[in-house]
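Student: Predicted model and sequence follow; I will ask about them next.
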Amino acid sequence: MNINLAAELVGLDRIINSDPVAITFFIGYMAMLASAVFFFVERGSVDGKWKLSLLVSGLITGIAAVHYYYMRDFYMQTGTSPTAFRYVDWTLTVPLMCVEFYLLTKPFGAKGSTLTKLILASVVMLVTGYIGETSGIDSNIMWGIFSTLGYLYIVYEVFAGDIAALAKGSNSPALARAMFLLKIFITLGWSIYPIGYMVLPGNLLSGMFEVSSIDLFYNIADAVNKIGFGLVIYSVAVAETAKNKKALA
Ligand SMILES: *C/C=C(C)/C=C/C=C(C)/C=C/C1=C(C)CCCC1(C)C
């Protein structure tokens with residue numbers, strides 16, 4: 001039998017046997033694609049100053065949709081984690097989420113240097129995370145700790161650093177509401193990723209879950225965080241647009 005066909009049948013068999021990891025790759029792909037279309041189309045119905053934020057939300061979910069298309073295929077063909085695709089995706093989408101924080105606080109004085117710090121911290125988090133995932137059983141805890149430092153720095157900026165100070169000084173109820181929800185995303189939502197990472201052989205949760213469940217954690221976290229983050233920004237944009245219309249009428 002043709003090798004590709006054989007691989008495809010193995011993949012189909014996996015879905016038919018209801019492999020939850022495979023199913024989340026399929027759902028993740030469709031959900032990201034649908035969200036990207038939604039954010040791009042809805043961009044037309046909000047005030048000008050929100051259009052760039054919705055564009056970025058559309059790019060985040062759109063970039064993820066393309067990677068999910070390939071990750072899903074890779075997983076179906078090999079039954080292993082598409083680690084490289086995953087990190088390429090995060091390297092593009094996490095900095096774009098930093099851009100969302102920057103855009104939200106820019107009307108209240110956010111500087112480029114704040115954005116640079118957030119992006120550098122996310123690069124540290126992702127480069128060390130990737131090394132940890134590929135470095136094997138002896139050193140993934142150490143690299144995981146380095147990566148967590150990058151993550152904690154982002155949390156710090158949002159809760160107590162530049163972003164927090166700008167949000168506080170803004171006196172904008174809309175921004176306060178958005179920040180409240182985004183803080184939940186970056187603490188609870190983003191913490192799903194290090195928990196998934198701890199499933200790696202040699203790490204703290206190894207043995208409690210199958211190794212393949214790392215993708216289950218990552219797929220669920222991606223859907224929650226990328227789509228949820230976008231929806232928070234969308235809801236603030238819609239509320240502010242309606243308020244402006246009323247003020248003008
Ligand atoms: C859309 C993708 C997002 C929001 C990805 C976020 C990823 C993380 C917050 C990853 C964090 C990690 C650690 C804090 C330690 C272990 C290694 C990582 C990279 C999984």
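Tutor: Great, that's in hand.
Student: which stretches of the chain have low pLDDT?
Tutor: For the chain, applying pLDDT under 70 flags the ranges 1-2, 7, 10-17.
Student: What strand or helix carries whichever residue of it sits closest to the ligand?
Tutor: Residue of the chain nearest the ligand, by C-beta to the nearest ligand atom: residue 129 (2.5 Å). Where you see a C-beta, it was placed from the backbone N, CA and C, and this is true even at glycine. Using DSSP states H and E, residue 129 maps to helix 112-134.
Student: Show me which parts of that helix are buried, residue by residue.
Tutor: 114-115, 117-119, 121-122, 124-133 (16 or more other C-beta atoms under 10 Å).
Student: right, and the residue of the chain closest to the ligand touches residue 143 too?
Tutor: Yes: the criterion here is C-beta atoms under 8 Å, and residue 129 meets it with residue 143 at 7.0 Å.
Student: Spell out which parts of this structure neighbour the ligand.
Tutor: 90, 93-94, 97, 125-126, 129, 132, 144, 147-148, 151, 190, 193-194, 197, 222, 225-226 (C-beta under 6 Å from any ligand atom).
Student: Mind checking which of these land in helices?
Tutor: 90, 93-94, 97, 125-126, 129, 132, 144, 147-148, 151, 190, 193-194, 197, 222 (DSSP state H).
Student: wait, what's in contact with residue 74?
Tutor: 80, 82, 85 (C-beta atoms under 8 Å, 6 or more residues apart in numbering).
Student: The helix or strand hosting the last one to helix 190-197, inter-axis angle?
Tutor: Secondary structure assigned from DSSP H and E places residue 85 in helix 83-105. On the basis of axes from the mean of the first three to the mean of the last three C-alpha atoms, to 10 degrees, helix 83-105 is oriented at 170 degrees to helix 190-197.
Student: who does helix 83-105 touch, helix- and strand-wise?
Tutor: For helix 83-105, the elements it packs on are helix 48-78, helix 112-134, helix 162-169, helix 173-184, helix 228-248, judged by 3 or more C-beta pairs under 8 Å, 6 or more residues apart in numbering; DSSP states H and E.
Student: Which positions in that helix come out as buried?
Tutor: Within helix 83-105, the residues scored as buried using 16+ other C-beta under 10 Å are 83, 85-90, 93-105.
Student: any idea how far it is from the chain center?
Tutor: Using C-alpha atoms, centre = their mean, to the nearest Å, the distance from the centre of helix 83-105 to the centre of the chain it belongs to is 7 Å.
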